[in-house]
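Engineer: Take a look and give me a structure for this.
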Amino acid sequence: MSDRLTRRPRRSWSDVAFNVWGVLVMLFLFAPILVIIVSSFNVGRLLVSWDHFGFDSFLALLAKPAIRDAVWISVQTGFIAALVATVLGTLAGIAMSRNPGKWVWWFLGLLLLVSVTPEIVDAVALLPWMVFLGQDLGMSLFNDGIVRLVIGHSLFSVAVVSYLVRARLVGQEANLEEASADLYATPVRTFRKVTLPLAMPAVLAGFLLSFTLSLDNTVIAAFVSVSGSTPWPVYVLSALRSGLRPEIAAVSTIMLVLTLIALGLVAYVLRRAGDSAADIARTMGGG
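Structural biologist: Residues are numbered from 1 along each chain as shown. Predicted coordinates for the structure are as follows:
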């Protein structure tokens, strides 16, 4: 009798079929990533031609100046673009959450337009605009490759940070800020001591997400980059002409690890702030 009570119910064939289908879909999605990781340890001349296992492709990051410079430009651009996007997006998110009104929906519409506009459209629009500012108007700042990349990469990231900060603060009452004002704190002091700490988890999450988004921004980078400031994605595109080498897979693996670390830090920061798994998903989704 007890065996019948403790016996687990048999799973239906549909449950088994859905589980198998889910595993196959996950394998289909992540198999290319696994191939790149394995290929990064190839010592052969070309990526598609396996020779033997080794770490020579990782050492190419230090041995070849072209690869090292491309990676450094991507990291440098990503950091600056993330910083710019974090500052602008944080201010926009706080304004939308603490000063509600009809203008918020119009502004959210503009941010949504920026988010859904294809990158190729942004790239085609940015290129003549940069040329007009840098050459026709004589603003030499816009002839600098890093400046161009930062502007192009930060466009989408500003919208992302704005969503995150707004989602963080909308669910929190403004009682602490009102209490700070009642204690005769200046608006700047209230912002620095109350509002910013409340939004800080979303601010850090937005910074890390902006950095990762900048690392793989290929279309805009290919249009606005100039000679001497070639980022890593553009370097990979140019390498297609002569054949992909294992060092490209090695650097891609390193960037994948950096991206996973950044996303892990985002989840950790939000978890330390007391958010549940649902809150973390909502904040990272901007909802």
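Engineer: residues contacting Gln232?
Structural biologist: Slight slip there: residue 232 is Trp, not Gln. Counting by Cβ atoms under 8 Å, 6 or more residues apart in numbering, Trp232 touches 70-71, 73-74, 215, 251, 255. The way it works is simple: take the backbone N, C-alpha and C, and place the C-beta from them, glycine included.
Engineer: give me that answer again for 10 Å
Structural biologist: Applying Cβ atoms under 10 Å, 6 or more residues apart in numbering, we find Trp232 in contact with 67, 69-75, 77-78, 215-216, 218, 221, 248, 251-252, 255.
Engineer: try Ala262
Structural biologist: 78, 82, 205, 207-212, 215.
Engineer: coming back round to it: only the buried members of the contacts of Trp232: can you turn that into a ChimeraX selection?
Structural biologist: In ChimeraX, this line selects whichever of the contacts of Trp232 come out buried by 16 or more other Cβ atoms under 10 Å:
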select :67,69,70,71,73,74,75,77,78,215,216,218,221,248,251,252,255
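Engineer: Export the contacts of Ala262 as a markdown table, with columns for secondary structure and distance to Gly93.
Structural biologist: Shown next, in a markdown table, are these (DSSP: H, G, I helix; E, B strand; the rest coil; distance: Cβ to Cβ, whole Å):
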| residue | secondary structure | distance to Gly93 |
| --- | --- | --- |
| Gly78 | helix | 21 |
| Ala82 | helix | 15 |
| Ala205 | helix | 11 |
| Phe207 | helix | 13 |
| Leu208 | helix | 16 |
| Leu209 | helix | 13 |
| Ser210 | helix | 13 |
| Phe211 | helix | 18 |
| Thr212 | helix | 19 |
| Leu215 | helix | 23 |
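Engineer: any idea which of those residues is the one closest to Val25?
Structural biologist: Thr212 (23.6 Å; Cβ to Cβ).
Engineer: quick one: pLDDT of that closest one?
Structural biologist: Listed pLDDT for Thr212 reads 83.
Engineer: my read: it touches Leu263, true?
Structural biologist: Yes: counting by Cβ atoms under 10 Å, Leu263 is a contact partner of Thr212 at 7.0 Å.
Engineer: The two: who's more crowded?
Structural biologist: For Thr212 versus Leu263, neighbours defined as other Cβ atoms under 10 Å are more numerous around Thr212 (20 against 15).
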